[in-house]
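Undergrad: Just need the structure, nothing else, for what follows:
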Amino acid sequence: MTASNTSPLHRSVCDRSARITIWGAGFIGLSAATAFAQEGFHCAIVDVDASRVRCINAGTVPLPGFEDRVQLDPQTLRDGRLRAVSPDDKDALDAQIHLICVNTDRDGKAFQDPLQAVLKAIGSAHRADRELLVSIESTVSVRWLDLVLPLLTGATGVVGTGIHLATAPRRDWLLDPEMNLRSLPRVVGTLSPASQPLVTELYGTVSDVVHMAGDWTRAALSKSVENLYRYVDLVLTNQLAAAYPDLDMAEVFRLAGTKWNVPSLHPSIGIGGYCIPLSPHYAGDGLLGEGQLPLVDSALDWDAAHPSRVAEWLTNKFDGPIGILGISYAPDVHVPQGSPTLALAAALSAHGADVRLHDPFLSTEEVIARGEGARALSWPEDLAAVRTLVIATPHTVYADLPDHLSALADPPTVIDSLGKLREAFAGTKVRYVEIGTPALWAEHNPVLGNGSSVSDGTR
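TA: Next comes the predicted model:
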């Protein structure tokens, strides 16, 4: 299609004159805004958090640990190509392209209220005489898509030629900066085939590979399905480690991962993050009736009991107080949402354990507020005050943990969830247990063994 045959909105995307409003200044929204701004678009990023708005406009990334993953170019801020605003900003509402990147989960469940609020705000400002593109980058249930047009227009009829609706779920891998918005293949889909050229053109400016789905429902569901594959695999990893407590299952999983089409997984204390643990809820939400995903239902039930299972193993086999290092589900970032550590802390407290938590990206006050009855652990001063120390998240700051513990007269036993410090502890006097390997000096536990599931930093 030549430029002369495209719509005015399409032509404005081609020449970068289109104004884009991004809703949500979390990692997804902020990284999208900076990417489009660097490509020459004028972008307004909307957030209800006034402190985030101020930080962005001052050139500061308001997301601890993400400073190296999101680049705020001073030039884009100076020339107005990127600015942060409140939800009532008239110019932001007046844009013809809106990308929705708000959180759609709360307390571990799918939650659509923020999405609905944004759609209503966009609809209230839309003029019928202009084209409008609304693309949902947040993870959603396919059932929610039926509500989009009524919320935008207040009508239930077919979409008009001037409104383009799309889904473009994000993929992110926090453990590798080379796997980013530009390099990771992007799946997009539109409600109307007529919108496909416009949406392909837009996302092709920031992603090297764009896969156009047959429609926007299939694109939206692909995000839940790809994460659901991971979820079931991780629960199975957990179960296998529990089923073979006397074997070095960590090695078994490493060996299995040498096959070209088998992922390398590691058992650990729990499945963390925004996307993977939530994928069963999004995928199942669009189904009519119960029991259509029995494998998923079984995995959910088993996984829901897992924090208590791990807590029982720890309290029965190891001394307290129990310290846990790392609350964020991924290393070196501030992401306490969906933390397997917090679920374990709650289960340990329910078992009567004295629990101490530390994370370099959370203040003492935040640890106490989120800690489910646990106390804050001061790093490294309080290491001698615990008898068992769980390494939940291998933040870089913990790299010298073996030196700190080796200097103690009677160091605590270390339980390493992911085995990241296996080699560092080799040859030290510290009692070290990697989850998924036999603890030969501990009594056999037929309920848990040494297994659990894994948090691997995937979104």
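Undergrad: Okay, now stretch 367-379: how far is its last residue from its first?
TA: 13 Å (CA to CA, to the nearest Å).
Undergrad: meant to ask about stretch 401-418, not that
TA: OK, stretch 401-418 end separation, CA to CA: 15 Å.
Undergrad: One more: stretch 391-404?
TA: First-to-last residue span, stretch 391-404, CA to CA: 14 Å.
Undergrad: Return the set of buried residues in it.
TA: 391-395, 397-398, 401-402, 404 (16 or more other CB atoms under 10 Å). C-beta: built from backbone N, CA, C; applies to glycine.
Undergrad: and what of stretch 120-138?
TA: Buried residues in stretch 120-138, counting neighbours by 16+ other CB under 10 Å, are found at 121-123, 126, 131-138.
Undergrad: ok, which stretches of the stretch 51-200 of the chain are strands?
TA: 82-85, 97-100, 105-106, 109-110, 132-136, 163-167, 186-190 (DSSP state E, counting those that start in this stretch).
Undergrad: Indicate each strand paired with the worst-scoring helix or strand of the chain on mean pLDDT and its parallel or antiparallel sense.
TA: The weakest-scoring helix or strand in the chain, judged by mean pLDDT, DSSP states H and E, is strand 109-110 (a mean of 84). Neighbouring strands of strand 109-110 in its sheet, by DSSP bridges, are strand 105-106 (antiparallel).
Undergrad: Distance from the chain centre to the partner strand, please.
TA: With CA atoms, centre = their mean, to the nearest Å as the basis, strand 105-106 stands 12 Å off its chain's centre.
Undergrad: hang on, the earlier thing: to the chain's geometric centre, what's the distance from the least confident helix or strand of the chain?
TA: With CA atoms, centre = their mean, you get 13 Å for strand 109-110.
Undergrad: swap in stretch 272-281?
TA: Using CA atoms, centre = their mean, the offset of stretch 272-281 from its chain centre is 8 Å.
Undergrad: C-alpha coordinates for it, CSV please?
TA: Coordinates of each C-alpha in stretch 272-281 appear next as CSV, following Å, rounded to 0.1, in the frame of the first residue of the first chain:
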residue,chain,number,x,y,z
GLY,A,272,7.0,-15.4,40.9
GLY,A,273,6.3,-12.4,38.8
TYR,A,274,3.5,-10.6,37.1
CYS,A,275,2.7,-12.9,34.2
ILE,A,276,3.5,-16.6,34.7
PRO,A,277,1.5,-17.2,37.9
LEU,A,278,-1.4,-15.1,36.5
SER,A,279,-1.6,-16.9,33.2
PRO,A,280,-4.0,-19.6,34.3
HIS,A,281,-6.4,-17.0,35.5
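Undergrad: does the closest residue to residue 384 other than its chain neighbours sit in a helix, a strand or a coil?
TA: The shortest distance from residue 384 to any non-neighbouring residue, by CB to CB, 6 or more residues apart in numbering, is to residue 408 (5.3 Å). Under DSSP: H, G, I helix; E, B strand; the rest coil, residue 408 falls in the coil class.
Undergrad: quick one, phi/psi of residue 408?
TA: The phi/psi pair for residue 408 (degrees, to the nearest 10) reads phi -90, psi 150.
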